[in-house]
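**Q** Sequence unavailable; structure follows:
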């Protein structure tokens, strides 16, 4: 029998000592009018269990609370003896969002200072700009916690109207309030007059806040103050200044950056660098990145060791390289000096940095590195020689071509290829010896050097090599030179006994794209290897023309899915009404992959036909075809796809595809 707003059983359950019973009681109220369950929800909002309170908050929000309920929620903010009830009220009001703002605004001057603070915090969490004038007024609240909350939440909302009042409030000489205001101004992110901010740095407790704020809003005018901040004895202030310089530097023009660098260079050799070096060891990633760059800009030789250590960290290596780059030749010379005392891993990084910086004075250490017993160091030193353009190292690099470690040989070949332009004669001599070596690996390496030297005739000779990989690589290398006169060599390679060589040759002819390449490709369509035929079709598509179009269409007769998809790609490249008509004919192909390819091509070039075929495609027996069509349609048409999606949803039987349609429609609606 019902009594009051709920049954006696329900009331007993809400007061049960069993948490789960209470939670189930709240869930059991779902669907009942709010007027009937209002008091019981309020009781559950103050439950000792967060699980029960969560169910009560969700239920109240689902019940559509009116202004009267919101007033009662604000009254709950006075519940000093029940933190759970107060937290539930805060969460509910925050989740109500803008709907709660009018009610909250009426209580911003509440007699209870705790209520005023809660109201302001809730407004900040909602983020609506409507109550910004009220928050500005609250900056003058007699309670320091309330005025600080007003400043903090003006920052969270980020409305520029708060800037001037916040700056004026800095004149109250309240350290805690000023700290909060600086954080708020940083979050709003608009430029501030240095005349207002800089005096605050005289107060030790505000130094970090000043630097953080300038990192967010400062410009070139802030640089002198921030550079002075690097000299601070207090670690958190010094680190805040470093991070701020890093952020501000990214907003400076070239001239302002140059002036900053000059100021930082003046710190080299000073005791202030010691503090920055100490921070590098323990800082988190964003600060560590800033410190590394600053150390490079300062150019202090004491930074070399820590920067080398930083290279060990994959996430920091690029920043350390940039730092060494900022140090210029001074940094490189310091690295060379460090090489004598470094372990093998550090030597690898030194070689790497020298290569990246193209430092020409590192020849001696790179030569030593190439003679090391450590294969990683030999490889890194070889690569650095190539990047640095040290042509006097060609002989030493040639010696590494017989190294027992394949990665070292690869490094030497890479280096020699880089040096080919600067010392072509020496590299050619090495390549010629390799081209006639017994080892097919050496002949493949000769291909790389001939390509770097642009030796087309010598590459053509290696296209006749007894080793298939040498022939294939030679075709690919010659193709990379894109020389029209090479077409004849590729035509000959179309008759090679190995399919991989013929594939490379067919692709090369397509890249050349000349008219004379078409005829040999048309003949190559008779090739027995399906992968060769696929490459030929794609190349014919690149060359185009009526004969290529007819050949592609003919190749599609009775072809399997692999050939069909390559033919569709060719038709897409050729374009035109005849090609698109052939693409349309494949929409009823039994192979779902072929149909999917056709859908994607038509979506790009023939939208009207795709829409006209929508009914047939949406009735396709394979779910993946229907799914592809739906995604393609949505991406192409946007909201215009909704009628087609609604129709598809009614007819769809696959739950996965249904869910996909609903997700897409939900995004549009």
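**A** Arrived safely. Worth saying up front: this structure is predicted, and the values here are computed from it rather than measured.

**Q** show me the contacts for residue 232.
**A** With contacts defined as C-beta atoms under 8 Å, 6 or more residues apart in numbering, residue 232 is in contact with 207, 238, 241, 275. Bear in mind the C-beta positions are built from the backbone N, C-alpha and C, glycine included.

**Q** The third one contacts residue 209, correct?
**A** No: contact between residue 241 and residue 209 fails when scored by C-beta atoms under 8 Å: they sit 11.7 Å apart.

**Q** neighbour-wise, which of the two wins?
**A** Neighbour count, other C-beta atoms under 10 Å: between residue 241 and residue 209, residue 241 has more, with 29 against 24.

**Q** Which residue is the nearest non-sequential neighbour of that one?
**A** Nearest residue to residue 241, sequence neighbours excluded (C-beta to C-beta, 6 or more residues apart in numbering): residue 229, at 2.7 Å.

**Q** next one: residue 346
**A** With C-beta to C-beta, 6+ apart, the residue lying closest to residue 346 is residue 308, at 5.2 Å.

**Q** Roughly how far does that neighbour sit from residue 668?
**A** Counting by C-beta to C-beta, to the nearest Å, the separation of residue 308 from residue 668 is 54 Å.

**Q** which one of the two has more residues nearby?
**A** Neighbour comparison, residue 308 and residue 668: the larger count goes to residue 308, with 20 against 13 (by other C-beta under 10 Å).

**Q** I'd guessed residue 276 sits against residue 235; true?
**A** No: contact between residue 276 and residue 235 fails when scored by C-beta under 8 Å: they sit 10.3 Å apart.

**Q** Among the two, which residue is more densely surrounded?
**A** Set residue 276 next to residue 235 and count neighbours by other C-beta under 10 Å: residue 276 wins out with 25 against 13.

**Q** State the helix or strand in which that one lies.
**A** Using DSSP states H and E, the element containing residue 276 is helix 272-282.

**Q** Show me what that helix is packed against.
**A** helix 235-249, helix 285-298, helix 304-310 (3 or more C-beta pairs under 8 Å, 6 or more residues apart in numbering; DSSP states H and E).

**Q** cutoff 7 Å now
**A** Helices and strands touching helix 272-282, by 3 or more C-beta pairs under 7 Å, 6 or more residues apart in numbering; DSSP states H and E, are helix 235-249, helix 285-298.

**Q** Could you check the last one and say which residues are buried?
**A** Right, the one you point to is helix 285-298. 287-298 (16 or more other C-beta atoms under 10 Å).

**Q** again with stretch 209-222
**A** 209-218, 220-222.

**Q** got it, and stretch 271-286?
**A** Neighbour counts over stretch 271-286 (16+ other C-beta under 10 Å) mark 272-273, 275-277, 279-280, 283 as buried.

**Q** re earlier: now tabulate the buried residues of helix 285-298 in JSON lines and tack on pLDDT and distance to residue 106.
**A** Below are these laid out as JSON lines (pLDDT from 0 to 100; distance: C-beta to C-beta, whole Å):
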{"residue": "287", "pLDDT": "93", "distance to residue 106": "44"}
{"residue": "288", "pLDDT": "92", "distance to residue 106": "49"}
{"residue": "289", "pLDDT": "92", "distance to residue 106": "48"}
{"residue": "290", "pLDDT": "93", "distance to residue 106": "46"}
{"residue": "291", "pLDDT": "94", "distance to residue 106": "50"}
{"residue": "292", "pLDDT": "93", "distance to residue 106": "53"}
{"residue": "293", "pLDDT": "93", "distance to residue 106": "51"}
{"residue": "294", "pLDDT": "95", "distance to residue 106": "51"}
{"residue": "295", "pLDDT": "94", "distance to residue 106": "55"}
{"residue": "296", "pLDDT": "93", "distance to residue 106": "57"}
{"residue": "297", "pLDDT": "94", "distance to residue 106": "55"}
{"residue": "298", "pLDDT": "94", "distance to residue 106": "56"}
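
**Q** coming back round to it: tell me, how many residues neighbour the residue nearest to residue 241?
**A** 24.

**Q** can you pull the contacts of it?
**A** Contact analysis of residue 229 by C-beta atoms under 7 Å, 6 or more residues apart in numbering lists 211, 237-238, 241.

**Q** now the helices and strands packed on helix 272-282 as TSV including distance to residue 543?
**A** Shown next, in TSV, are those (distance: least, C-beta to C-beta, whole Å):
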stretch	distance to residue 543
helix 235-249	51
helix 285-298	50
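
**Q** Figure out which of these is closest to residue 634.
**A** helix 285-298 (38.3 Å; C-beta to C-beta).

**Q** What lies in contact with that closest one?
**A** Contacting residues not belonging to helix 285-298 are listed as 239, 242-243, 245-246, 261, 264-265, 267-268, 273, 276, 279-280, 283, 303, 307, 310, 315-316, 319-320, 322-324, 326-327 [C-beta under 7 Å, 6+ apart].

**Q** Check stretch 426-440 too.
**A** Looking at what lies outside stretch 426-440 - C-beta under 7 Å, 6+ apart - the contacts are 394, 398, 416, 419-420, 442-443, 445-446, 449-450, 453, 458, 462, 467, 469-470.

**Q** quick one: residue 253 from residue 218, how far?
**A** 14 Å.

**Q** what's the answer for residue 66, then?
**A** 47 Å.

**Q** same check, this time on residue 404
**A** 57 Å.

**Q** my read: residue 570 touches residue 539, true?
**A** No: using C-beta atoms under 7 Å, residue 570 makes no contact with residue 539, being 8.2 Å away.

**Q** more crowded one of these two?
**A** residue 570 (28 against 25).

**Q** Leaving out sequence neighbours, find the closest residue to that one.
**A** Per C-beta to C-beta, 6+ apart, closest to residue 570 is residue 541, 2.9 Å.

**Q** Could you double-check that that neighbour lies in contact with residue 575?
**A** No: using C-beta under 7 Å as the test, residue 541 is too far from residue 575 to be in contact (9.3 Å).

**Q** tally of neighbours for residue 632?
**A** Per other C-beta under 10 Å, the neighbour tally for residue 632 reads 19.
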